[in-house]
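Student: Next come a sequence and a model predicted from it.
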Amino acid sequence: AQRVTQPEKLLSVFKGAPVELKCNYSYSGSPELFWYVQYSRQRLQLLLRHISRESIKGFTADLNKGETSFHLKKPFAQEEDSAMYYCALTSGTYKYIFGTGTRLKVLA
Amino acid sequence: EAQVTQNPRYLITVTGKKLTVTCSQNMNHEYMSWYRQDPGLGLRQIYYSMNVEVTDKGDVPEGYKVSRKEKRNFPLILESPSPNQTSLYFCASSGIQGSSYNSPLHFGNGTRLTVT
């Protein structure tokens, strides 16, 4: 079955510390992976997608097919990064599968 | 401005009283979908639509209906709401790239529904 797992419900780090939000998936084909972010009182929005290989707001994510992971990383966390982060998978069909989300708190 | 608009933002109702949450997008997107967001469960897909008059069930369709009579609108209908449908609901849309639906989703602001 297709599944996206985000093992951490809450991740607290200090400002300036590195951040890694974990995402593992199970899918037998070639999925497309996304990270969506939801800042306080704002709508969900796309942060980045694996095919773009971009760095958005200092975040990067590399698709590791061997480990079936798509972890989100940032070398130096900022207070404005505090938000809810969702990893999502789609296989080119009509379904998006979301993880349960990780709340990132960046402490001053 | 390109956006997905949901109404209302907040809704409190009683068990069994039919309600509709509207969703409209101005990006000419073919794909639209509804999700509910619950603590500890993340976002779960309720229904989706690939185009006008084409809809299908997501992972949690029980108790919900949808319609897609126009490309821009995708209302969510609760014929007889129950307390377990108290949740935060999101509508989303995306375009089609080639023959796949891998385009990123554009989300509405959400509708917080409370059923007493």
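Tutor: Yes, it's here.

Student: Would you mind listing what in chain B touches chain A?
Tutor: B:4, B:31, B:33, B:35, B:40-45, B:48, B:50, B:56, B:58-59, B:90, B:92, B:100-102, B:104-105, B:107-110 (C-beta under 8 Å from any C-beta of the partner chain). For the C-beta atoms, the positions are set from N, CA and C on the backbone; glycine is no exception.

Student: What residue, apart from its backbone neighbours, is nearest B:P83 spatially?
Tutor: B:V115 (5.0 Å; C-beta to C-beta, 6 or more residues apart in numbering or on different chains).

Student: Hmm, the one you found is touching B:V14, no?
Tutor: Yes. Here B:V115 reaches B:V14: they are 7.2 Å apart, a contact under C-beta atoms under 8 Å.

Student: Which of the residues of chain B next to chain A are buried? Put it as a PyMOL command.
Tutor: In PyMOL, a selection of the buried entries from the residues of chain B next to chain A looks like this (16 or more other C-beta atoms under 10 Å in any protein chain shown):
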select buried, chain B and resi 4+31+33+35+42+43+44+45+48+50+58+90+92+101+102+104+105+107+108+109+110
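
Student: okay, stretch B:4-23 in PDB with CA atoms only?
Tutor: Taking Å, rounded to 0.1, in the frame of the first residue of the first chain, the C-alpha atoms of stretch B:4-23 are listed here in PDB:
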ATOM      1  CA  VAL B   4      -8.600  28.800  -4.600                       C
ATOM      2  CA  THR B   5     -11.400  30.300  -2.600                       C
ATOM      3  CA  GLN B   6     -13.400  28.400   0.000                       C
ATOM      4  CA  ASN B   7     -16.500  29.500   1.800                       C
ATOM      5  CA  PRO B   8     -17.300  29.700   4.600                       C
ATOM      6  CA  ARG B   9     -14.200  29.900   6.700                       C
ATOM      7  CA  TYR B  10     -16.000  28.800   9.900                       C
ATOM      8  CA  LEU B  11     -19.200  26.900  10.200                       C
ATOM      9  CA  ILE B  12     -21.000  25.600  13.300                       C
ATOM     10  CA  THR B  13     -24.000  23.400  12.700                       C
ATOM     11  CA  VAL B  14     -26.100  20.700  14.300                       C
ATOM     12  CA  THR B  15     -26.300  17.000  13.500                       C
ATOM     13  CA  GLY B  16     -28.400  16.200  10.500                       C
ATOM     14  CA  LYS B  17     -28.600  19.700   9.000                       C
ATOM     15  CA  LYS B  18     -27.400  19.600   5.400                       C
ATOM     16  CA  LEU B  19     -24.600  21.900   4.500                       C
ATOM     17  CA  THR B  20     -22.500  22.800   1.500                       C
ATOM     18  CA  VAL B  21     -18.900  24.100   1.500                       C
ATOM     19  CA  THR B  22     -18.100  25.900  -1.700                       C
ATOM     20  CA  CYS B  23     -14.700  25.800  -3.500                       C
END
